[in-house]
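Trainee: Predicted model and sequence below, questions to follow.
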Amino acid sequence: FTTGKITPNHIKEGLTGHAIENFKTEINIFNCRLSTRSSNNEYDFLIFLKDASSFSFLLDLKHWPSNFRNENFTFSSSPAIPSQLSLIIKNVDLRLDFNEFCQEIKTRYPQVKNVIRLKNKFNNEIKLVKLELTSNVVRDELLIKRKMTIDYIIYDIDEYLAPGNILICWETNSCSQDSYSSDSCARILAR
């Protein structure tokens, strides 16, 4: 937005009302707030959604209103696909033509936005491939099947679980300091 007239509540009410009125769909917004990265002449808002179905619904720009309270807006960037809309393909050969593999997946499943070969901690490619989807319905259908056929090869698929971050340092003997917190632990920050 180019003016500060719009509030987070205007956006929440505008999005939920537009979805119900025009698409008979309920979206669940957890929170909406002004971004801390907004510049002087722009007001960027961050929208946090409660579920994957709301996220996949709003990924389609046709589901957005053209304005909020007669104020036009633009998208500064496209959102990252959350892990709730991702899958893992197991045992994908490291020697196959990965570009051809990606193209075959995207042809068969247009709702796949990104196909990413995962890497280990040494930055070497591994036999796991992450799929980022734009549709929770397609994701759920694939999870029920638990298999995907690409170029006449059947691959097992599973849910993608995002790697966790260390929040607590358990090495209290070597880290004991006055006013110690995991945020300031040099052992955690070095990882």
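Mentor: Perfect, I can see it now.

Trainee: how long is stretch 21-31 from one end to the other?
Mentor: 21 Å (CA to CA, to the nearest Å).

Trainee: got a list of contacts for it?
Mentor: For stretch 21-31, the external contacting residues (CB atoms under 8 Å, 6 or more residues apart in numbering) are 8, 12, 15-16, 19-20, 47-51, 54, 57-58, 63. The way it works is simple: take the backbone N, C-alpha and C, and place the C-beta from them, glycine included.

Trainee: Looking at it now, give me its mean pLDDT.
Mentor: Per-residue pLDDT over stretch 21-31 has a mean of 94.

Trainee: Could you number the chain from 312 rather than 1 from now on?
Mentor: Sure, I'll start counting at 312 from here, so that last one is stretch 332-342.

Trainee: Helices of the protein, residue ranges please.
Mentor: With helices called from DSSP state H, the chain shows them at 319-334, 363-370, 409-419, 447-456, 483-486, 497-500.

Trainee: Walk me through the domains of this protein.
Mentor: For the chain, automatic domain parsing gives the domain ranges 319-383, 394-470.

Trainee: circling back to that earlier point, show me just the buried residues among the contacts of stretch 332-342.
Mentor: Neighbour counting with 16 or more other CB atoms under 10 Å marks 323, 326-327, 330, 358, 360, 365, 368-369, 374 as buried within the contacts of stretch 332-342.

Trainee: from those, which is closest to N434?
Mentor: Ranked by distance to N434 (CB to CB), the buried ones among the contacts of stretch 332-342 are led by L360 at 32.3 Å.

Trainee: got a list of what the closest one touches?
Mentor: Going by CB under 8 Å, 6+ apart, L360 touches 338-341, 366, 369.

Trainee: Generate a ChimeraX selection restricted to the buried entries among the residues you listed.
Mentor: The ChimeraX selection below is limited to those of the contacts of L360 classed as buried (16+ other CB under 10 Å):
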select :338,340,366,369
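
Trainee: okay, the buried ones among the contacts of stretch 332-342 in CSV with distance to F384 next?
Mentor: Formatted as CSV, the buried ones among the contacts of stretch 332-342 follow (distance: CB to CB, whole Å):
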residue, distance to F384
K323, 14
L326, 11
T327, 16
A330, 16
I358, 12
L360, 17
S365, 19
F368, 18
L369, 13
H374, 14
